[in-house]
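Chemist: predicted structure and sequence below. I'll ask about it afterward.
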Amino acid sequence: MKDLLRTSDLRRVDVEMILDTAAEFAQHPLSKSEALKNRTVAIYMNKPSTRTRLASESAVAHLGGTPIFIRGDELQLGRGETIADTAKIISGYCDALIVRTFAQGDVEELGANASIPVINALTDDDHPTQLLADWLTIRETFGKDISGRKFAYLGDGNNMAHAWLTMGAIMGAHVVAATPSGKWAPDAAVVAKAQEIAKSTGATIELTDSAESAATDASVIYTDVWMSMGDPEAERAEKIRALAPYSVTNELMNLAAGDGIFMHCLPAHRGEEVSADVIDGARSVVWREAFHRRSTIQALLYHLVRGEIKGS
Ligand code: CP
Ligand code: NVA
């Protein structure tokens with residue numbers, strides 16, 4: 001596999017290998033400090049980022065390489081140069097490209113035209129690198145045997161919901177997504193793909209509009225912001241009304257399994273998708289999850305550049 005463009009590009013063996021290496025990097029960040037020696041990695045972002053940018057730049061540095069951060073408005077791409085030409089130029093200077101943008105199709109076009117690995121660092125449709133950090137956190141908390149456990153996502157059927165359903169399918173998990181039906185439900189094609197993956201992994205993919213039924217006996221309750229980057233401001237009031245029943249409060253956490261944890265990719269909006277007492281409480285693992293962004297991106301880069309990820 002050359003690129004990581006979608007979560008569904010990965011197979012469980014790839015994820016397990018990346019997580020094994022990431023666990024090692026979490027303990028010893030400099031254990032492969034020559035892997036990208038004399039190499040450069042471009043990080044091109046068209047949307048804001050705190051974690052993914054810091055994680056990517058520090059991951060490259062810990063592998064001995066040099067990150068080159070490029071803001072969306074700094075390339076000639078914004079002045080009409082094509083994605084294909086840009087991909088060829090970046091391939092001539094750099095050894096990998098990490099990209100955050102709006103359209104999934106743009107990341108795929110970069111991947112198709114670049115000779116170097118291209119990594120999706122969030123699009124409107126997907127967020128594969130986040131799920132690596134999430135599953136390292138899940139594995140650390142519950143171990144590798146997740147049989148009998150339920151993994152619930154609550155809220156907007158957005159890029160995070162897509163990535164969560166897809167990675168759950170890959171990992172053979174029992175995944176439930178509780179979202180409003182209609183406009184803010186996950187994309188039907190993504191759900192169909194997750195269900196197809198689930199057939200071969202033994203996963204169960206369930207959709208519901210009931211936050212309570214999803215949360216009941218869940219080992220993980222996961223949520224994300226209600227207004228994602230690029231969401232139309234004109235829909236804010238309507239969207240917040242529709243999503244209000246999915247707010248993760250203590251009452252909802254009390255329905256979870258006894259050892260159930262709270263996860264969130266961050267940034268968070270306390271009082272909207274999660275209450276302060278939950279995200280800042282004892283069952284929240286959000287800080288560990290956030291710091292695993294670096295070790296997982298480091299492991300992904302390490303294996304991708306070495307051509308060791310087979311892909312689906
Ligand atoms: N979770 C995540 O992707 O955070 P940033 O938007 O800060 O990168
Ligand atoms: N759904 C959010 C995720 C942020 C990491 C967004 O796209 O803005």
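Modeler: The structure has been received and is ready for your questions. Quick caveat: nothing in here was measured; it's all calculated off a predicted structure. Ligands and ions are numbered 1, 2, ... in the order given.
Chemist: which parts of the protein sit against ligand 1?
Modeler: Within the chain, the positions adjacent to ligand 1 are Ser49, Thr50, Arg51, Thr52, Leu122, Gln130, Cys265, Leu266, Pro267 by CB under 6 Å from any ligand atom. (Glycine included, C-beta is placed from N, CA and C.)
Chemist: near ligand 2, list only the ones from the residues you listed.
Modeler: Okay, of the residues of the chain next to ligand 1 touching ligand 2 (CB under 6 Å from any ligand atom), that's Leu122, Cys265.
Chemist: which of the residues of the chain next to ligand 1 has the most neighbours?
Modeler: The residue in these with the most neighbours, by other CB atoms under 10 Å, is Gln130 (29 neighbours).
Chemist: okay, it: pLDDT?
Modeler: pLDDT, Gln130: 99.
Chemist: torsion angles phi and psi at it?
Modeler: phi -60, psi -40 (degrees, to the nearest 10).
Chemist: state the distance from the residue nearest to it when sequence neighbours are not counted to Gly148.
Modeler: The shortest distance from Gln130 to any non-neighbouring residue, by CB to CB, 6 or more residues apart in numbering, is to Cys265 (5.0 Å). Distance from Cys265 to Gly148, counting by CB to CB, to the nearest Å: 25 Å.
Chemist: Gly148 in helix, strand or coil?
Modeler: With DSSP: H, G, I helix; E, B strand; the rest coil as the basis, Gly148 sits in coil.
Chemist: for Met263, that is, sorry about that
Modeler: Of the three states, Met263 takes strand under three-state DSSP.
Chemist: count the residues that sit near it.
Modeler: Met263 has 27 neighbours, counted by other CB under 10 Å.
Chemist: pLDDT score for it?
Modeler: pLDDT recorded at Met263 is 99.
Chemist: unless I'm mixing things up, it is touching Asp134, no?
Modeler: Yes. Met263 lies in contact with Asp134 (CB atoms under 8 Å); the separation is 6.2 Å.
Chemist: identify the contacts common to the two.
Modeler: Common contacts of Met263 and Asp134 (CB atoms under 8 Å, 6 or more residues apart in numbering): Tyr222, Glu289.
Chemist: test my guess that Glu81 contacts Ile90.
Modeler: No. With contact defined as CB under 8 Å, Glu81 does not reach Ile90; the gap is 11.4 Å.
Chemist: give me the more crowded residue out of the two.
Modeler: Comparing Glu81 with Ile90 by other CB under 10 Å, the one with more neighbours is Ile90, at 24 against 12.
Chemist: secondary structure element for the more buried one?
Modeler: Here Ile90, judged by DSSP states H and E, is contained in helix 83-93.
Chemist: tell me how far that helix lies from the chain's centre.
Modeler: Helix 83-93 sits 25 Å away from the centroid of its parent chain (CA atoms, centre = their mean, to the nearest Å).
Chemist: cool, stretch 6-13 as well?
Modeler: Mean-position distance between stretch 6-13 and its chain equals 12 Å (CA atoms, centre = their mean).
Chemist: and it, is it in reach of ligand 2?
Modeler: No. If you take CB under 6 Å from any ligand atom as the test, stretch 6-13 misses ligand 2, and the best it gets is 13.6 Å.
Chemist: in that stretch, what's buried?
Modeler: Counting neighbours by 16 or more other CB atoms under 10 Å, one finds that the buried residues in stretch 6-13 are Arg6, Thr7, Ser8, Asp9, Leu10, Arg11, Arg12.
Chemist: which residues does the residue most central in space within the chain contact?
Modeler: Nearest to the geometric centre of the chain sits Gln130, at 2.5 Å (CA atoms, centre = their mean). Contacts of Gln130 were listed using CB under 8 Å, 6+ apart, and they are Thr52, Leu122, Met160, Ala163, Cys265, Arg293.
Chemist: can you show me the strands along the chain?
Modeler: Ranges of strands within the chain are 40-45, 66-71, 96-100, 118-120, 150-154, 174-178, 204-208, 220-223, 261-264, based on DSSP state E.
Chemist: can you say which of those is nearest to Ser284?
Modeler: strand 261-264 (4.5 Å; CB to CB).
Chemist: quick one: that closest one to chain centroid distance?
Modeler: Distance, stretch centre to chain centre, for strand 261-264: 14 Å (CA atoms, centre = their mean).
Chemist: only C-alpha atoms, please: export that strand in CSV.
Modeler: Presented in CSV, the C-alpha positions along strand 261-264 are these (Å, rounded to 0.1, in the frame of the first residue of the first chain):
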residue,chain,number,x,y,z
ILE,A,261,-14.6,4.9,29.2
PHE,A,262,-15.3,8.2,27.5
MET,A,263,-13.4,9.2,24.3
HIS,A,264,-13.3,12.3,22.1
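Chemist: packing partners for the longest helix along the chain?
Modeler: The residue-count maximum for a helix in the chain (DSSP state H) belongs to helix 286-305. Helices and strands touching helix 286-305, by 3 or more CB pairs under 8 Å, 6 or more residues apart in numbering; DSSP states H and E, are helix 12-27, helix 51-62, strand 96-100, strand 118-120, helix 128-142, strand 261-264.
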